[in-house]
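> Pasted the sequence and its predicted model underneath.
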Amino acid sequence: MKFFEKEHSVLPGFRPTLGLTLFYLTLIVLLPLSTLVINSAAIGFDEVPHYPVVDGKVTGELKYLPIGALDEWTIARAGTDLSAAGVKALVHGEEAEVTPAAVEYVEAPFGVKLWSGICRGIPKFWNIVTSERVLASFRVTFGTALIAAFANLFLGGVIAYALVRIRLPFKRIIDALIDLPFAMPTAICGIAMATMYAPKGPVGAIAEKFGVKIAFTPLGITLAMIFIGMPFVVRALQPALEDLGHELEDAAMSLGASRFTAWRKVVIPTLSPPLVTGFTLAFARGLGEYGTVIFIAGNTPLKTEVTSLLIVTQLEQFDYAGATAIAITMLVISLVLIFGINWFFSRRHHHAGG
């Protein structure tokens, strides 16, 4: 008799771990994101098509009524026989039997409603996300986040190099302070930065003497994003520099390369993956930052209003469709930029390695 033994996975508990991971990914990430799509798709369905009734017959034209006005009309369902003595219709939101003469509108079939909603929703969606205020918020948000990410790439690299390669006094304290933006509530960070860079603040007053205004300008937003994004670059580069050691750099210099050439030709290409990781994380954090930025931005529409604040403003005005339209556009642009950045740097790293 031949027995078949179950083949065990190399990773113990792989299947339940994968199942739990997918479950929580769906619950925490995919379901909230799906609500953005659903609410954005509902933009065109705020007006419901109906067939107007003329002399007891349905005409071929469509009549659009706001949803809030449905209870003011007597509406029969699609396919209602208006020649019958009594037809079932919605009267003030409740179904009742009325005479055909009392019916003013007949509900359109589902296919007509669906197609009409899509056709009306696409122009509305486009008008929302291409309005002057939304486009200005995109320019401010993406522009300042990109500049802050590049600044973090340079400054974070210098700080990581100093922590790994240079003997600094109070090194452990400095290393702990790097994680301060992670530990502090974002509102406290924003209030502290607004107080420091305000025209009457300790740093803002000095800058005002040189004709530079920091608070309530894109410059202030950029500084706030640099502050919150710095730890991502430092923590991505620090362990890579510790593992790299001095061997490659010393070997290049022993072959006649200068220290700058050794860094440009050997060290930086080797550190490309953590550099890309830190840059991407800092850029993504800057795009979605809210608490730190709103205190120092000034929040002036068309000038210093970031997209996250604009979304909150739309929600406060109960414009859920408009808020989700802006949010899903922000999400798509962010994903395209992040994947594009990773693809660009990965190709450069591949060619440099080849």
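Good, I have the coordinates. Numbers count the residues shown, from 1 in each chain.
> show me the contacts for residue 151.
Contact analysis of residue 151 by CB atoms under 8 Å, 6 or more residues apart in numbering lists 222, 226. For glycine as for every other residue, the C-beta is placed from the backbone atoms N, C-alpha and C.
> Could you do residue 243 as well?
Per CB under 8 Å, 6+ apart, neighbours of residue 243: none.
> my guess is it is in a helix, correct?
Yes - under DSSP: H, G, I helix; E, B strand; the rest coil, residue 243 sits within a helix.
> Report pLDDT for it.
We note a pLDDT of 82 for residue 243 in this prediction.
> I'd assumed residue 225 was in contact with residue 144.
Yes - with contacts counted by CB atoms under 8 Å, residue 144 reaches residue 225, the gap being 5.9 Å.
> what is in contact with these two at once?
Looking at what touches both residue 144 and residue 225 (by CB under 8 Å, 6+ apart), the common residues are residue 286.
> how about the strand or helix carrying residue 235: buried residues?
Assigned by DSSP states H and E, residue 235 belongs to helix 218-244. Buried residues in helix 218-244, counted by 16 or more other CB atoms under 10 Å: 218-238, 240-241, 244.
> Identify each buried residue in stretch 179-192, please.
181, 186, 189, 190, 192.
> Redo these as a markdown table? Include pLDDT.
Shown next, in a markdown table, are those (pLDDT from 0 to 100):
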| residue | pLDDT |
| --- | --- |
| 181 | 86 |
| 186 | 84 |
| 189 | 86 |
| 190 | 86 |
| 192 | 88 |
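> What is the nearest of those residues to residue 278?
The shortest gap between residue 278 and any of the buried residues of stretch 179-192 belongs to residue 181, at 13.9 Å (CB to CB).
> The closest one against residue 230, yeah?
Yes - counting by CB under 8 Å, residue 181 does reach residue 230; the two are 6.9 Å apart.
> follow-up on the earlier one: what pLDDT, on average, does the very next helix or strand once past the helix holding residue 235 get?
The helix or strand immediately downstream of helix 218-244 is helix 247-254, counting by DSSP H and E. Averaging pLDDT along helix 247-254 gives 77.
> Report all helices and strands that helix 247-254 contacts.
helix 259-262 (3 or more CB pairs under 8 Å, 6 or more residues apart in numbering; DSSP states H and E).
> and the helix it packs on, how far out from the chain's middle?
Centroid separation for helix 259-262 versus its chain: 39 Å, with CA atoms, centre = their mean, to the nearest Å.
> for it, which positions count as buried?
Those would be residue 262, for helix 259-262 by 16+ other CB under 10 Å.
> Show the average pLDDT along that helix.
For helix 259-262, the per-residue pLDDT averages 78.
> helices or strands up against that helix?
If you count contacts as 3+ CB pairs under 8 Å, 6+ apart, helix 259-262 packs onto helix 247-254.
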